[in-house]
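S.K.: turn this into a structure:
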Amino acid sequence: TSPAPRSPAQRTQSMATELDDRCPICLDSWEEPSHLMPCLHRFCYRCILRWAQSKPECPLCKRRIASIVSITQCAGSPLIC
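M.R.: Take a look at the predicted model:
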């Protein structure tokens, strides 16, 4: 038997989970993940830096970018630089 069809909510949740694993700008795996302040949306550092140079607002929520916070991993725990 084939699996039961998924509801629109299940499909949306599945797509959201998949996008959590990728940068919303380049749609690739995270490379030097960074958060925007104040909205905390996450992007690859190079992607969001390039974006901010031409348009200093979050590509997702359109809030003005106050700063870009680079997140690096050190011994398994995140550090904010």
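
S.K.: can you give me the strands for this structure?
M.R.: 33-37, 42-44, 67-74, 77-80 (DSSP state E).

S.K.: how about these in TSV, adding distance to residue 60?
M.R.: (Glycine included, C-beta is placed from N, CA and C.) As requested, those are exported to TSV (distance: least, CB to CB, whole Å):
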stretch	distance to residue 60
strand 33-37	9
strand 42-44	9
strand 67-74	14
strand 77-80	20
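
S.K.: for residue 57, find the nearest of these.
M.R.: Among those, the nearest to residue 57 by CB to CB is strand 33-37 (9.2 Å).

S.K.: show me the shaky parts of the protein.
M.R.: Under the criterion pLDDT under 70, the flagged ranges of the chain are 1-19, 73-81.

S.K.: how near is residue 26 to residue 53?
M.R.: Relative to residue 53, residue 26 is positioned 15 Å away (CB to CB, to the nearest Å).

S.K.: now swap in residue 29 and tell me
M.R.: To residue 53, residue 29 is 23 Å away according to CB to CB.
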